[in-house]
Each structure stands twice: as structure tokens, then as C-alpha cells.
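1. sequence unknown, structure follows:
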């Protein structure tokens, strides 16, 4: 079966760091994606992890542990524009399976 | 390239009517995907194509849903005899056919069935 779990909502303060966790189960796992989706807009690609470890890309980093079926997205130096939904998606034997998304609110 | 294009952006229809949505992918992408998204949920996979071949269609929500990609370029998604429960955002995405290739999404077609 396929299952993606991530928290529904998170709130963080401007300038702070926030970590959004994701656990997954998918057949034939071959990678983990993170997407950002602002309200009323299309999802946009943030990161892809296939090997264990941390991938850093500017203020955003993504981590993967294949043995634990676990990933997280780390956002540093939060800005108000980072308020959005963050979607975890697993790639496997079928096309991308998305989680329900974590709605992040950045407050002043 | 302007990215993935979807038409129309919004569609309001009465229950029982048929609707058809169009998607134009990024030109060099040979994979094309259809997803559905409802409020507060992540995108739900419906079907996908590699060139003109439909590789997976078992996730289409019912036999009222069908998709085509006749020449391996644009695609259409048709919903027959629409129901109120079909109201959602229908997202199209395209990608290269390689492991790890990210999906690029269009802005979607928002369907409202009254």
C-alpha cells in the first residue's frame, strides 16, 4: 500500500526555523519530493531526495532516511511569503503519491 | 517555454452535463499526468501518459472519467454526467520520463457542479 503522513497545520514566527516532518510507505520507493503550494496556485517543486542525508538549497533543506521511511523539510529565516502548504510526495511503482499537505502560517 | 497550460481556468456546469478540460504540457516532456485536488487535501492521482500511451488509468474515479492524449502532445480529461462530488481543482502536470524528474504543474481547472 501507499501512505503519506504529515502534520495538518503548523505556525512559526518570522525569522525562525521550522521543520515539517513526513513519514511514508510506498511500493518500490525511489525518491521523495517536496512541493510548495500557495493558496489558489499550482504546486511548485522544492526538492528531491533519493539518498539518505540532507540536501541543502538556500533557505530550504530536505532530509531523507530510507530505512525509517522518514523525511523532513527545514525552512530557515522564515519570511511571510513562506506561508503556504508544503506537500510531501513519494515516488515508487506508481506516479507521485502526495500527502495531504502541511499548512504553514508564518506570523510576525 | 511558458510551462504547463490548462484551459479553462474555471468551469461551472449543471449536474448531469459533460465537461472537457485541456492540458498543454511543456513541449519536451513526454509524460503527462492528471490529478484532482479538493480543499485541504493533497493532489490525488488520476491517470498518466507517456507519449500517447495511457500507462495507468485504474485510479480514474469512475467510468464517467476518461482521458486522451491522441498525438502525444496535449491531453483532454472528460467527465460525463457530472455530479456535485466532482467539484474540485483538476491539475495537469508534465515531466521527463526519468526517475527523479519533477512534475511541473499547470494552474489547474476549477470545476464547480451546481
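-> Done, it's in. These figures come from a predicted structure and were not determined experimentally. Numbers count the residues shown, from 1 in each chain, chains lettered A, B, ... in the order given.

2. When you work out contacts or count neighbours from here on, use the C-alpha atoms and nothing else.
-> Fine.

3. Pull the number of nearby residues for residue 81.
-> As the question left the chain open, I've gone with chain A. 10 (other C-alpha atoms under 10 Å in any protein chain shown).

4. think we crossed wires, I meant chain B
-> For residue B:81, using other C-alpha under 10 Å, the count is 14.

5. doesn't residue B:64 make contact with it?
-> Yes. Counting by C-alpha atoms under 8 Å, residue B:81 touches residue B:64, with 6.9 Å between them.

6. and residue A:54, how many residues sit next to it?
-> 16.

7. Tell me which residues touch the residue in chain B that chain A sits nearest to, please.
-> Going by C-alpha to the nearest C-alpha, chain A is nearest to residue B:42 of chain B, at 4.1 Å. Applying C-alpha atoms under 8 Å, 6 or more residues apart in numbering or on different chains, we find residue B:42 in contact with A:87, A:98-101.

8. Give the full set of residues in contact with residue B:96.
-> B:28-31, B:102.

9. Just the buried residues of those.
-> Using 16 or more other C-alpha atoms under 10 Å in any protein chain shown as the burial test, the contacts of residue B:96 include B:29-31, B:102 as buried.

10. who in chain B is up against chain A?
-> By C-alpha under 8 Å from any C-alpha of the partner chain, the residues of chain B that approach chain A are B:40-45, B:48, B:91, B:99-100, B:102-108.

11. hmm, 10 Å instead?
-> B:33, B:35, B:37-48, B:55-56, B:89, B:91-93, B:99-108, B:110 (C-alpha under 10 Å from any C-alpha of the partner chain).

12. low pLDDT regions in the chain?
-> No chain was given, so I picked chain A. A:1 (pLDDT under 70).

13. right idea, wrong chain: chain B
-> In chain B, residues with pLDDT under 70: B:1.

14. Skipping adjacent residues, who's closest to the most centrally placed residue in it in space?
-> Taking C-alpha atoms, centre = their mean, the centroid of chain B lies closest to residue B:34, which sits 3.2 Å from it. Closest residue in space to residue B:34, ignoring its immediate chain neighbours: residue B:92 at 4.6 Å, by C-alpha to C-alpha, 6 or more residues apart in numbering or on different chains.

15. Secondary structure of the one you found: a strand, I assume?
-> Yes. Under DSSP: H, G, I helix; E, B strand; the rest coil, residue B:92 sits within a strand.

16. do you know how far it is from residue A:102?
-> 21 Å (C-alpha to C-alpha, to the nearest Å).

17. Need phi/psi at residue B:86.
-> phi -80, psi -10 (degrees, to the nearest 10).

18. For it, the count of nearby residues, please.
-> There are 17 residues near residue B:86, going by other C-alpha under 10 Å.

19. OK, contacts around it?
-> B:15, B:36, B:38, B:61, B:79, B:111-113 (C-alpha atoms under 10 Å, 6 or more residues apart in numbering or on different chains).

20. swap in residue A:16?
-> Applying C-alpha under 10 Å, 6+ apart, the residues near residue A:16 are A:75-79, A:106.

21. go with 8 Å
-> So residue A:16 contacts A:76-78 (C-alpha under 8 Å, 6+ apart).

22. repeat for residue A:101
-> Taking C-alpha under 8 Å, 6+ apart as the test, what residue A:101 contacts is A:6-8, A:85-88, B:40-42.

23. Residue A:6 too?
-> Contacts of residue A:6 by C-alpha under 8 Å, 6+ apart are A:20-23, A:88, A:99-102.
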